[in-house]
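[1] Predicted coordinates and the sequence they were generated for:
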Amino acid sequence: MKLDFIPLDKLVVSKANMRYSKKAPDVSDILPTVRSRGVIQPVIVRPNLRPEPVGPKATEGQRCAPDGYEIVAGSRRFHAAKIVAEERRAAGDMTPEPQDSMLPCAILDEGDDAAAIEASMIENMARLDPDEVTQWETFTRLVREGRKVEDIAATFGLPDLTVKRVLALGNLLPAIRDLYRKEQIDAATVRHLTMASKSQQKAWLALADDENAYLPTGHQLKSWLLGGQSIPVKHALFDVEASGLATIADLFGEDRYVADADAFWMAQNAEIEARRAAYVEQGWADAIIVPPTTHFSTWEYEKAGKRKGGRVYIDVRATGEVIVHEGYVSGKEARRIAKAEGSENGTGQKAARPEMTSTMQTYVDLHRHAAVRSALTGHPAIALRLMVAHAIGGSHLWRVTPEPQSTRNDEVRDSLDNSQAEADFDERRRAMLAVLGFSPEEPTVTGGNGDDYGVVGIFHRLLDLPDAVVMEVIAIVMGETLASGSAAVEAVGMEIGVDMARCWQADDAFFSLVRDREVLTRIVAEVAGETVASANRQEKTKTLKRIVRDHLDGTNGRDQRESWVPRWMAFPPAAYTARGGVGTVAAHAKAQAAREIERRTPGDDEPDPTAPGAVMALPVEGSPVPPFNEDEADRLAA
């Protein structure tokens, strides 16, 4: 081959070209570079051996001068150069630069089509895009030569943000960049490492060099850097820069997190209190701070302006986010306001005097209430449905709050969300949402669902359901409102006989959270035996965890240990040491104490439940015990 510059009007695309098509190819990615520097890499051409065509319908590939050439490889560069030449002419440039009207070409010797096809494929397939580290090295040299980010982006046809992301690799130690170049760490790990200080990067490299140490990567690395809690800087209400609070930014500069969660909350709470006071000064009836442990349910409130006594509710989330709800009053207050406004009919005239006084209305309401609840004692099935409706919809006397399952640790949240037990419960929850006519997107059955009719609407739906389905609804309601970590969880788990091995398996979150050497040694004894535990008693925690993982997975020559759960999670739970501090064990002890009291034989100082005058439990409809009726009531009264 020989190299030469050939005018654009003497070039056509050969049918032997791998990218040959009657339609012009997309050149948007290389067009900025061609505009800035022209075509630098020569295209491969060969002399046009076809005779010159005749007639006006000749295609582009046929309209070639007798001394022209056809492009074997480089079709996209050719079309990009033609676009740039047209742009120059349209702009009135009648004396274009040579690079605008000519292409550098490598001219093949005259040969057959097979050789041309091979050349085209080699030229197109032998390319290897540079990795990000190589791009960083090149971009860095350009910056040192005085090029700006926008100049580099324009030259290579890249967005400014892409160039900034590549240049951000300069924040990493060379050893980390080398690991990334060799693909020994992934992009997610690199992104999180760019949030680390140089000392943290050195500490991470030391772990990488230690075969017995636990090396956090990916999502676990983020928790390692931030101490388990990730609070985005964007949620701060205060000036983070002015506060001097240390922050950590990622590779792309898009996400920043606070380094000290306690310091963040001190500043955040101070700003929240200041804003609360400011709302009160603005004339709002009150400004109430809703803590992260409580959820602000808009269904319990109605909109109201300042003049109508509206309050401001400042909803604080565990992630640091603060949502302000301006102008709300409770449903009861809204009714009172509406009643007061109803005294005027809109014409300035006093409304008609009601038929009953408020005292008479109270008299009627109380007597009707007494009659209904007396009759309700004979209809436990209806009472049950009414109770469930109140638990779901809520009222001024009922406030049932779903268990928030809150945690500030992202790993714990991900582990719970991906657990089999949560998936099974969510499936049944969605089924009950459909049964009750609620939206399938509602996060819970309880907590204020329902239509404009509230509790009454839910009650009527439940009346149409058979007992078996109502019991399923109750199971979901109770599951949502069962307090995590309570003695009730222990009591139910023991009564049902929950097998944790069927719905839980040791995951990355579990292994990252268990760090006590004594506990790990006892766990090794459980899954591998006392001999293995004794032999590895002095090993690092990373080694102990690896032994446990190998036995649970049955890998690296270890016998598989199936259906294992730690003592803390089993029913009943137990501790690994005598040091205490296991909440599940304490909760279980409380549940057991209550169970023993209920099983105790009545003594001299304890009432006999079978004695006359003792309180009797109402039988449930459908049970072998006859339902409670008026004759039975008369007998008991006598």
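    Noted; the coordinates are in hand. Just so it is clear, the structure is predicted and the values come from calculations on it, not from any experiment.
[2] in this structure, which spans are strands?
    2-7, 11-13, 43-47, 69-73, 102-107, 247-249, 256-258, 287-290, 301-303, 311-316, 322-330 (DSSP state E).
[3] Could you dump the ones you listed into TSV with mean pLDDT added?
    Formatted as TSV, those follow (pLDDT from 0 to 100):
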stretch	mean pLDDT
strand 2-7	82
strand 11-13	86
strand 43-47	84
strand 69-73	84
strand 102-107	84
strand 247-249	68
strand 256-258	77
strand 287-290	89
strand 301-303	84
strand 311-316	90
strand 322-330	88
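[4] closest to Thr162 out of the ones you listed?
    Evaluated with CB to CB, the strands of the chain place strand 247-249 nearest to Thr162, the distance being 17.1 Å. Glycine gets a C-beta too; all of them are placed from N, C-alpha and C.
[5] and the strands of the chain as a markdown table, adding distance to Asn171 and mean neighbour count?
    Output for the strands of the chain, formatted as a markdown table (distance: least, CB to CB, whole Å; neighbours: other CB atoms under 10 Å):
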| stretch | distance to Asn171 | mean neighbour count |
| --- | --- | --- |
| strand 2-7 | 42 | 12 |
| strand 11-13 | 45 | 24 |
| strand 43-47 | 39 | 22 |
| strand 69-73 | 39 | 25 |
| strand 102-107 | 38 | 20 |
| strand 247-249 | 9 | 18 |
| strand 256-258 | 14 | 21 |
| strand 287-290 | 38 | 18 |
| strand 301-303 | 47 | 17 |
| strand 311-316 | 33 | 20 |
| strand 322-330 | 31 | 16 |
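[6] Pick out the residue nearest the middle of the protein.
    Asp414 (8.0 Å; CA atoms, centre = their mean).
[7] so that residue makes contact with Ala509?
    Yes: the pair Asp414 / Ala509 is scored as a contact, 6.8 Å apart, by CB atoms under 8 Å.
[8] pLDDT at Pro96, what is it?
    Per-residue confidence (pLDDT) for Pro96: 57.
[9] quick one on the thing from earlier: any chance of a markdown table for the strands of the chain, columns distance to Val473?
    As requested, these are arranged in a markdown table below (distance: least, CB to CB, whole Å):
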| stretch | distance to Val473 |
| --- | --- |
| strand 2-7 | 80 |
| strand 11-13 | 70 |
| strand 43-47 | 72 |
| strand 69-73 | 70 |
| strand 102-107 | 75 |
| strand 247-249 | 46 |
| strand 256-258 | 41 |
| strand 287-290 | 28 |
| strand 301-303 | 26 |
| strand 311-316 | 29 |
| strand 322-330 | 27 |
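[10] Any idea which of those strands gets closest to Ala594?
    strand 287-290 (32.9 Å).
[11] who does the biggest helix by length in the chain touch, helix- and strand-wise?
    The longest helix of the chain (DSSP state H) is helix 261-281. The contact analysis (3 or more CB pairs under 8 Å, 6 or more residues apart in numbering; DSSP states H and E) places helix 261-281 against strand 287-290, strand 311-316, strand 322-330.
[12] Please identify which of those strands is closest to Lys590.
    Using CB to CB, these put strand 287-290 closest to Lys590, at 29.9 Å.
[13] From the rest of the structure, what touches the closest one?
    272-273, 275-277, 279-280, 296, 311-316 (CB atoms under 8 Å, 6 or more residues apart in numbering).
[14] what two of these are the furthest from one another?
    Ala277 and Phe296 (19.4 Å).
[15] Of those two, which one has the most company?
    Per other CB atoms under 10 Å, whichever of Ala277 and Phe296 has more neighbours is Phe296, with 15 against 11.
[16] could you list every residue that touches that one?
    Taking CB under 8 Å, 6+ apart as the test, what Phe296 contacts is 290, 313, 315, 323, 325.
[17] and it, backbone torsions?
    For Phe296, the backbone dihedrals are phi -80, psi 110 (criterion: degrees, to the nearest 10).
[18] For Gln505, see how far away it is.
    According to CB to CB, to the nearest Å, Phe296 and Gln505 sit 36 Å apart.
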